[in-house]
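# coords please:
(one chain, ligands or ions: 1)
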Amino acid sequence: MDRLPGFRDFYPEPLPHKDVWSADVRGYIFNTWRQVSLRYGFREYDGPPLEPLELYTLKSGDEIVAQLYNFTDKGQRQISLRPEMTPTLARMVAAHHGNYRKPIKWFSIPQLFRYERQQKGRLREHFQFNADILGDAASGADAEIVALVIDVLRAFGLTHEDFVIRLSSRSAWSQYFSQRCADQERSYEFFQIIDKLEREDPVVSREKLSQLGMSYDEVAAFIASGEPTEELQSILDNLAARGLSDFVKVDYGVIRGLAYYTGPVFEAFDRKGNFRAIAGGGRYDHLTQLISGGKAQIPSLGFGMGDVVLTELLKERGLLPTFSAPAQIYALIEDESLRLGTLTAIQSFRDAGFSTDYSLAPLKADKQFKRALELKAQWTFRLEKNDASELVYLIKTLSTREEQRFSSLEQTLQFLQNQPH
Ligand code: HAM
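Below you'll find the model as predicted:
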């Protein structure tokens with residue numbers, strides 16, 4: 001039976017087929033996301049993968065609502081798999097923000113589900129690193145979030161030659177719209193046209209804009225101007241002080257598709273333009289208010305970075321490590337009467353933190369040794385009995401093939417612990 005289209009199987013490396021994904025790479029990416037988040041003082045949170053449908057119909061925008069995996073559950077509730085994390089976060093923080101010192105700096109690595117057309121960089125399920133700051137309205141927080149995106153990507157070995165953060169402003173676009181169109185109700189429609197500008201046939205965009213009484217050429221000129229607003233300039237100055245200027249440029253071609261953004265917004269792209277967005281985010285100051293029915297009003301901002309484009313990009317740039325699961329110690333059981341004694345030793349090695357493997361079933365000695373080599377073990381271990389029927393503990397260092405003999409498990413462990421490993 002096949003898996004569903006747009007979903008992935010994650011196998012340990014080496015991968016058995018080009019159509020599967022690496023569980024090792026996924027683990028590496030998650031670890032890196034976590035490490036850099038912790039370095040920036042973010043705490044981890046999570047929420048449920050299923051939410052009430054209404055959480056998304058409220059303010060995420062038509063595009064994402066059209067992609068929901070929603071259904072009626074057995075209790076007749078309208079529910080959906082989460083397509084993004086931000087509404088869940090807003091709901092969680094609105095409910096209990098009084099318990100936390102502001103600003104709240106939280107991250108999460110949820111698996112998200114969107115019924116999208118499967119294409120390069122877009123699947124029906126992905127893992128998305130989210131980092132958000134809640135309770136800080138100043139542009140220093142926006143800069144902190146952008147710096148985190150940059151440092152996360154740098155931690156994978158990517159440089160300013162590989163990627164750029166295109167920084168824009170939803171509020172600048174709102175202002176642009178309100179000065180030119182009397183019908184304020186249609187602003188989201190306008191944002192959607194701008195969001196699609198780079199992917200859509202210009203003839204279609206021109207027509208859609210003219211239906212709003214807007215000029216395509218004027219829009220193009222506004223984008224080309226790239227003049228930073230005061231707020232964007234202060235973000236740029238903040239990043240410059242950190243030596244991160246090379247990673248960011250003002251680009252009004254970005255506006256973000258989701259409906260809830262209110263201020264600075266950004267997307268990270270590879271410089272060559274071969275991939276879809278690596279990450280995207282921005283400020284969404286009204287979402288907690290909306291989701292809590294006005295009970296909480298917490299200025300908020302953050303971003304999401306998916307694992308799909310990132311993996312493709314790291315693979316293309318040759319920046320993915322190769323993975324294997326080397327056992328430090330491989331225990332050889334050549335005499336089955338010594339299996340139980342060997343298990344006692346294996347348990348002690350593992351308790352002491354050494355990754356240790358062995359053959360579960362009886363196996364010829366040469367096959368066991370071959371397995372130790374395959375696993376790139378640093379040492380083999382085996383038990384023997386001497387002429388006086390006493391146990392002898394033997395450790396062989398595989399790089400030199402030198403073998404040491406010990407008369408007790410304690411001595412064996414002491415030896416191992418004193419070795420570089
Ligand atoms: P988004 O732009 O919809 O934003 O998604 C963020 C990132 O998730 C994208 O740049 C991309 O890397 C990845 N992504 C999205 N959809 C897919 C897909 N179908 N397949 C693979 N990867 C995908 C949000 O979701 C916002 N909630 C982010 C945010 C957090 N804004 C503020 N805080």
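# confirm that Asn130 sits in a strand.
Yes. Counting by DSSP: H, G, I helix; E, B strand; the rest coil, one finds Asn130 located in a strand.
# could I get the phi/psi values of the residue in the stretch 101-250 of the chain that the ligand sits nearest to?
Using Cβ to the nearest ligand atom, the single residue of the stretch 101-250 of the chain nearest to the ligand is His126, 3.6 Å away. Any C-beta I mention is one placed from the backbone N, CA and C, and that applies to glycine too. Phi and psi for His126, reported as degrees, to the nearest 10, are phi -150, psi 160.
# what's the answer for Ser169, then?
As for Ser169, its main-chain torsions (degrees, to the nearest 10) stand at phi -140, psi 120.
# hmm, it is touching Ser234, no?
No. Judged on Cβ atoms under 8 Å, Ser169 makes no contact with Ser234 at a distance of 11.8 Å.
# neighbour count: these two, which is higher?
Ser169 (27 against 17; other Cβ atoms under 10 Å).
# which strand residues bridge that one?
For Ser169, the beta-bridge partners under DSSP bridges are Pro264.
# quick one: pLDDT of it?
Listed pLDDT for Ser169 reads 97.
# and Lys370, how many neighbours does it have?
Neighbours of Lys370 under the rule other Cβ under 10 Å: 12.
# need the three-state assignment for it.
With three-state DSSP as the basis, Lys370 sits in helix.
# contact partners for it?
By Cβ atoms under 8 Å, 6 or more residues apart in numbering, Lys370 lies in contact with nothing.
# how much space separates Glu200 from Leu209?
11 Å (Cβ to Cβ, to the nearest Å).
# these two: which has the busier surroundings?
Just comparing Glu200 and Leu209: by other Cβ under 10 Å the higher neighbour count belongs to Leu209, 20 against 13.
# phi, psi of the more buried one?
Dihedral angles for Leu209 - degrees, to the nearest 10 - are phi -70, psi -40.
# just confirm it contacts Tyr216, I think it does.
Yes. At 5.1 Å, Leu209 counts as touching Tyr216 under the criterion of Cβ under 8 Å.
# get me the contact residues on this structure for the ligand.
Taking Cβ under 6 Å from any ligand atom as the criterion, the chain approaches the ligand at residues 84-86, 114, 116, 122-123, 126, 128, 130, 132, 258, 277-281, 302-306, 308-309.
# in strands, which of these fall?
When those are checked against strands (DSSP state E), the matches are His126, Gln128, Asn130, Asp132, Ala279, Gly280, Gly281, Gly302, Phe303, Gly304, Met305, Gly306.
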